[in-house]
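In: just to be clear, the model below is a prediction. Sequence and coordinates:
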There are 2 protein chains.
Amino acid sequence: MTRIEKGEMMRERWRHSFSEWYNEIIERAEILDVRYPVKGVYVWRPYGFKIRARVVEIIRRILDSTGHEEALFPLLIPEHEFAKEAKHIAGFEDEVYWVTHGGLEPLKVKLALRPTSETAMYPIFALWIRSHADMPLKIYQVVNTFRYETKHTRPLIRLREITTFKEAHTAHASAEEAERQVHEAIECYRRFFDTLGIPYIISRRPDWDRFPGAEYTIAFDTIFPDGRTLQIATVHNLGQNFARTFEITFENPQGEQEYAYQTCYGISDRVIAALLALHGDDSGLCLMPEVAPIQVVIVPIWFKGRKEMVDAEMEKLKDELSDFRVHVDARDLRPGAKYYDWELRGVPLRVELGPRDIERGEVTLVRRDTGERFSVPRSEVKERVGEALREIAANLKERAWREMESRVHEARSMEEIRSLVVERKGVVRTAWCGREECGKSMEDRADVDILGILDEEASGSCTGCSARAEKVVLMGRSY
Amino acid sequence: MTRIEKGEMMRERWRHSFSEWYNEIIERAEILDVRYPVKGVYVWRPYGFKIRARVVEIIRRILDSTGHEEALFPLLIPEHEFAKEAKHIAGFEDEVYWVTHGGLEPLKVKLALRPTSETAMYPIFALWIRSHADMPLKIYQVVNTFRYETKHTRPLIRLREITTFKEAHTAHASAEEAERQVHEAIECYRRFFDTLGIPYIISRRPDWDRFPGAEYTIAFDTIFPDGRTLQIATVHNLGQNFARTFEITFENPQGEQEYAYQTCYGISDRVIAALLALHGDDSGLCLMPEVAPIQVVIVPIWFKGRKEMVDAEMEKLKDELSDFRVHVDARDLRPGAKYYDWELRGVPLRVELGPRDIERGEVTLVRRDTGERFSVPRSEVKERVGEALREIAANLKERAWREMESRVHEARSMEEIRSLVVERKGVVRTAWCGREECGKSMEDRADVDILGILDEEASGSCTGCSARAEKVVLMGRSY
C-alpha cells in the first residue's frame, strides 16, 4: 500500500466514524476541555485558542479592509429594550438567560444575556444617526453570546456560551444601499471561507426560517462528512423593521425624516468546527497552514554518537525556516511517538532530519494532508517548505470542495429526497412551487428540512405538488 | 505667550477641572458612549476600541514572551463551585450577578457571572495537573467580568461590566517558584506600564485589604491629577489556599501528593483610564504614539489656485510616511477646525503642508504634547517624524512620572496626613508600627486609607501610636 493509498484509507475510516472522531479530536488535540461543570459551555485550551485567534484575525482583516469598524457593546440588555421588537423577542424568548439578582438583592430591571446584539446596539445607533451623511454605518464586534439550548449541545456546534460571535450591523440611507451591503457581506464571507478552505453553499432561507425581525436571510451552509449540514454564516436584510422599533431615523437629502435601512450578518464558533471537521482523517486534524499554530514541526532523527551533529544542524534549519511558525520537537521520545502527536494535532508539514539527510545535503518533508514523504535539497529548503504549505492549503480546499459537492444530489421525487438524504446521507436539490404550505408538507413527508432556496432558474414541476416549479431548493438534515 | 507656555497653561486648567475633563473627554473624543441604558456599562466606540486593541496587544506580547499561554474559560460559574472557597465567596457575594432563568424556566443551578475566574479555572486546573512535570502552568485570558457595584460608577474606572479583564493564573510545584512568579508578574507589569508611560507605585496591600483567598497582594497604583489614587494592577500569591479547596494536587519528585502553589494577577479597563487621564490637557487627549489609532495627521493648507499642487504633494507625503499610522484630513473645513478635532482626540503629531512649505522644501510639524511647532526639511521628513514620535513618548512618560512624584509627600503627624491628602490633594508616605488595630485607627482618624506597605526600611516612630516604626506605608484616597 502506498502512503497515499494509506492516507485515503484513513480518510475513509474517518468518514465512517465521523461523529465519534469529532468528539474525540476536540479533546485529544487539546482544542477544548469539555469537562467544565456547566452543560454546553467549554474551555478553550491554549492550542485551540491559537487556532481561534488566527481565524478571528482573518475575519477582522477582511472586515477592516471593507470599511467596517470594530466596537464593543455591553453583554447585558435590559428587558424593556430586549422585548421591544415583537418578532425578535418571540424568536428568542425560549432561549434567553436572565440575570435577576445583583449580590443578594433582586434587580429592578431583569437583564438578558445577549443572544445577539440588535437590541443592545440599535438604541445607540438611534443616537449616532442624525442625517444621511452619518451613513453608511458599518459596525462589528467579536463577543460571547448566550443561548439556553434545550437540544443536545455539542462542542463548537451547539453551545450555550457562543464564545466567538462575530456580528456586523449596518445602517444605510436607502433600500438599494442595504441590498448592496448584503452583497458585500456575502463577498466578505466568501473570501473568509475561501481562506480557510471551507466549502459552502449559499441559499436564501425560506420565509418561515428567516431571522426573527428580518426581511430575508441568506445563509452559508457546509456539509459535514456524516452528510449533515452546518449553517456557518448568515446575512440578514432587516429592512426598516428594527429602525421603526428603535426610532433610527435620519434626515434624507430632501430634508425629510426617514427610517434607516439595516442589515446584519454573523459567524460563530461553528466556523472553527467546520475548519477542524472538514480537513481531517483517522489520524487526527489537518490544519490549514494559514491558521496552524505550528506550520512546520522539525523532528530530529538521532543515531548513537551523531546526536550533537543532528542537533547543531537542526538549530541552523530552524533559523532558516524562521519565516514560518516552526517548532522543534527535541523531547526524549521515539520519532514515531512524535509523529503520532503532531499528526493528531494537525501540523501541516513535518521535517525529518537525520545523519543520512545531513550527509546527502537533504531534508525529508512529510505532508500531513496526503502522507507523502519526499526529500528536498537542503539549499532549497525554505522555498520548498513554502511551496509545500501552499500546495497543502490548495489541496485541502480543493478536496473539501470536491467532497462536499459529491454529497449534493438531484432529487425528482419525494422518495428520492428521502433515500438520498436519509440513506445515502446526502443533501438534495429539488424543484419547488414556492408555496409555504407545500414546502412544509414536503419537509414533513420526507422528514428532511428545506435549507434554502438556490439562486437558480427552476424548470419542470414541483417535487411536492407537481405544480409548476418556481424555485430550486436545497433539502437535507442540519445540525 | 510662547506655545510652550500656552501648553503649560492648558495643563494647569486641565488639572483644576480634572473630574469634569475626564467625563467629557471620554465622550467627546469618542472613546465610549455613556448613554447605554444600564448603569455602569458603556459602549466602546470605534476610536476608543482601537486604543483598547493596542493596549491588549501590548500585554499579550509581554505575557506570550514570558511563557504564558492564552486560554478562554466560560463566563458562567455554577453556584456550587463559586461558593467553595469560603473567603472568596465572602469577599464577592455582595457584588455577583446571578443568572437564575433560562428561557421562561428557572435554572436548577444558579449561575454566577464571573467577577474573576479562580472558581471557573481551578476545577479544570485540578484535571490538568497530575505531576510536578505539568508545572509551571501559566494561563491567561482577556475577558469581560461583572461586578454589581453599588458605589458611584464611572467610565473605565468603576464598572459593572469590566470589558477588558486580563487575568493570569499560575500553578507551581513549590512555594519558592510561586514567589518567583510573583516577581515575574511584577516585572511584566512594569514593562507594560513603562510602554504606556503610566507611572506607578508598587506596594503590598495591608492584610485587611488583600484579595479574598490570597496570602498577600501586591498592587500597582497610579495617582490621578485630582490626587486620588487608582489601582491599576494587582498580583496575588494564593499559597495553597485555592489548591486545597479545588483539590489541585500533584505528585512531587519524591512520589508524594502535594497541593499546588498558585498565583494570579490582573489588569483591567483602568489601565486605559490611566492612559487617557494622565496624558492630557485642556484641549483634550494626548495619546502615547504606541497606542494612538492615528499617529500622524496631515492637514493640507489650501490657498486659492494652489489646492491641486498641495493635494498632489500631500499624497506623496502620505506614502513617504506609510511606516506610521497616518491620516490625511481632506475635509472641507478650515485648518483650525481640523486642529481642534485632532487635538481633542490626542493625535500625537500634526503635519501641516501648504504652498509655502512646498516652496521651501519643508513641512511643518506640531507636537501635541508641548504644542511646539517647527519646520523640517522635506527630504528628512520620515526620520524627523519618527524622532518626534519617540520624543513625545519619552516626554509623556517623563512628565507623568514627574507629576505623580510631585504629589507624594512625607507626613510625620496625623495632622500632616490629613492636610496633605485632604487639602493638598496628595498622597503621603508615613511610618507605621505594623499593627492592624493601629493602622485602622490611623485610617479613621485621618479619614484617609492605607493603600499599601512600601518595600523600604522604616525608622523613627509610628505616626499613629508613637511605637517603634516597622514599615513605611502609603496613605491617600483612592477611586
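Out: Alright, I've got the coordinates.

In: tell me, what residue is most central in chain A?
Out: A:Val271 (1.3 Å; Cα atoms, centre = their mean).

In: which SSE is that residue in?
Out: Assessed by DSSP states H and E, A:Val271 sits inside helix A:270-278.

In: and for A:Leu107?
Out: Going by DSSP H and E, A:Leu107 is part of strand A:105-113.

In: buried residues in that strand, which are they?
Out: A:107, A:110-113 (16 or more other Cβ atoms under 10 Å in any protein chain shown). No exception for glycine: its C-beta is placed from N, CA and C like everyone else's.

In: break chain A into its domains for me.
Out: Using automatic domain parsing, the domain parsing of chain A gives A:3-280, A:296-392, A:409-476.

In: surely A:Gly460 and A:Ala469 touch.
Out: Yes: counting by Cβ atoms under 8 Å, A:Gly460 does reach A:Ala469; the two are 5.3 Å apart.

In: for those two, indicate the residue with more neighbours.
Out: A:Ala469 (21 against 12; other Cβ atoms under 10 Å in any protein chain shown).

In: A:Ala431 is in contact with the more buried one, correct?
Out: Yes: assessed by Cβ under 8 Å, A:Ala469 is found in contact with A:Ala431 at 3.5 Å.

In: where do the contact lists of the two overlap?
Out: A:458-463 (Cβ atoms under 8 Å, 6 or more residues apart in numbering or on different chains).

In: the residue of the stretch 151-300 of chain A found nearest chain B: what's it in contact with?
Out: Of all residues in the stretch 151-300 of chain A, A:Glu161 sits closest to chain B, at 5.5 Å by Cβ to the nearest Cβ. By Cβ under 8 Å, 6+ apart, the contact set of A:Glu161 is A:40-41, A:144-146, B:74-76.

In: show me which residues of the stretch 301-450 of chain A are close to chain B?
Out: The stretch 301-450 of chain A has no residues near chain B, with proximity defined as Cβ under 8 Å from any Cβ of the partner chain.

In: right, is the helix holding A:Val271 up against chain B?
Out: No: judged by Cβ under 8 Å from any Cβ, helix A:270-278 stays clear of chain B, getting no closer than 12.0 Å.

In: following that helix, which helix or strand comes up?
Out: strand A:280-281.

In: just checking: what are the partner strands of that next one?
Out: strand A:284-285 (antiparallel) (DSSP bridges).

In: quick revisit: and the domains of chain A as CSV, adding distance to B:Pro155?
Out: Output for the domains of chain A, formatted as CSV (distance: least, Cβ to Cβ, whole Å):
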stretch, distance to B:Pro155
domain A:3-280, 12
domain A:296-392, 39
domain A:409-476, 44
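
In: determine which stretch of those domains is the most buried.
Out: domain A:3-280 (a mean of 20; mean count of other Cβ atoms under 10 Å in any protein chain shown).

In: phi, psi for A:His409 please.
Out: Main-chain torsions, A:His409, degrees, to the nearest 10: phi -120, psi 160.

In: that one contacts A:Glu423, doesn't it?
Out: No: at 11.5 Å, A:His409 does not count as touching A:Glu423 under the criterion of Cβ under 8 Å.

In: show me where the stretch 301-450 of chain A has strands.
Out: A:326-328, A:349-353, A:362-367, A:373-377, A:408-410, A:427-432, A:449-453 (DSSP state E, counting those that start in this stretch).

In: pairing partners for the fourth one, with directions?
Out: The reference is to strand A:373-377. strand A:362-367 (antiparallel).

In: what pLDDT, on average, does the strand it pairs with get?
Out: Average pLDDT, strand A:362-367: 97.

In: next one: stretch A:332-339
Out: 95.

In: how close does A:Phe242 get to A:Glu118?
Out: 6 Å (Cβ to Cβ, to the nearest Å).

In: overlap of the contact sets of those two?
Out: The contact lists of A:Phe242 and A:Glu118 share A:85, A:88, A:213, where a contact means Cβ under 8 Å, 6+ apart.

In: out of those, which are inside helices?
Out: Of those, the ones assigned to helices by DSSP state H are A:His88.

In: which one of the shared contacts of A:Phe242 and A:Glu118 is nearest A:Glu247?
Out: Taking Cβ to Cβ as the measure, A:Glu247 lies nearest A:Glu85 of those, at 11.9 Å.

In: touching, that closest one and A:Glu118? I think so.
Out: Yes: contact criterion Cβ under 8 Å: A:Glu85 and A:Glu118 qualify, at 7.3 Å.

In: where do the contact lists of these two overlap?
Out: By Cβ under 8 Å, 6+ apart, the residues touching both A:Glu85 and A:Glu118 are A:213, A:242.

In: which SSE is A:Gln231 in?
Out: strand A:229-239.

In: quick check, whichever helix or strand comes after that strand touching chain B?
Out: Next helix or strand after strand A:229-239 toward the C-terminus (DSSP H and E): helix A:241-246. No: using Cβ under 8 Å from any Cβ, helix A:241-246 stays clear of chain B, coming no nearer than 11.5 Å.

In: which residues does helix A:241-246 contact?
Out: Outside helix A:241-246, the residues touching it (Cβ under 8 Å, 6+ apart) are A:84-85, A:87-88, A:118-119, A:122-123, A:125-126, A:171, A:213-215, A:248-249, A:259-262.

In: over to stretch A:395-410?
Out: Applying Cβ under 8 Å, 6+ apart, the set of residues contacting stretch A:395-410 is A:194, A:197-199, A:201, A:222-223, A:225, A:227, A:278-279, A:286, A:288, A:369-370, A:416, A:420, A:424-430, A:474.

In: which neighbours do A:Gly460 and A:Ala469 share?
Out: Counting by Cβ under 8 Å, 6+ apart, the contacts common to A:Gly460 and A:Ala469 are A:Ala431.

In: separation between A:Ile4 and A:Asp281?
Out: In terms of Cβ to Cβ, A:Ile4 sits 12 Å off from A:Asp281.

In: and the strand holding A:Gln231, what does it pack against?
Out: helix A:175-196, strand A:216-223, strand A:261-267, helix A:270-278 (3 or more Cβ pairs under 8 Å, 6 or more residues apart in numbering or on different chains; DSSP states H and E).

In: and the angle for that strand with strand A:427-432?
Out: Relative orientation of strand A:229-239 versus strand A:427-432 (axes from the mean of the first three to the mean of the last three Cα atoms, to 10 degrees): 40 degrees.

In: confirm for me that A:Ser461 is in contact with A:Thr430.
Out: No: A:Ser461 is not in contact with A:Thr430 according to Cβ under 8 Å; the separation is 10.7 Å.

In: the residue lying closest to A:Phe374 once chain neighbours are set aside bridge partners, please.
Out: Closest residue to A:Phe374 apart from its sequence neighbours, by Cβ to Cβ, 6 or more residues apart in numbering or on different chains: A:Leu365 at 5.8 Å. A:Leu365 forms beta bridges with A:Val351, A:Phe374, as assigned by DSSP bridges.

In: so A:Leu365 is in contact with A:Leu349, correct?
Out: Yes: A:Leu365 lies in contact with A:Leu349 (Cβ under 8 Å); the separation is 6.2 Å.

In: overlap of the contact sets of those two?
Out: Shared contacts of A:Leu365 and A:Leu349, defined by Cβ under 8 Å, 6+ apart, are found at A:385, A:388.

In: so which of the contacts of helix A:241-246 are also by chain B?
Out: A:Pro123.

In: next step: the contacts of helix A:241-246 restricted to strands.
Out: Judged by DSSP state E, the contacts of helix A:241-246 include A:171, A:249, A:259, A:261-262 as members of strands.

In: can you redo these as JSON lines with pLDDT and distance to B:Gly305?
Out: Output for the ones in strands among the contacts of helix A:241-246, formatted as JSON lines (pLDDT from 0 to 100; distance: Cβ to Cβ, whole Å):
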{"residue": "A:Ala171", "pLDDT": "98", "distance to B:Gly305": "40"}
{"residue": "A:Thr249", "pLDDT": "98", "distance to B:Gly305": "42"}
{"residue": "A:Tyr259", "pLDDT": "98", "distance to B:Gly305": "44"}
{"residue": "A:Tyr261", "pLDDT": "98", "distance to B:Gly305": "42"}
{"residue": "A:Gln262", "pLDDT": "98", "distance to B:Gly305": "44"}
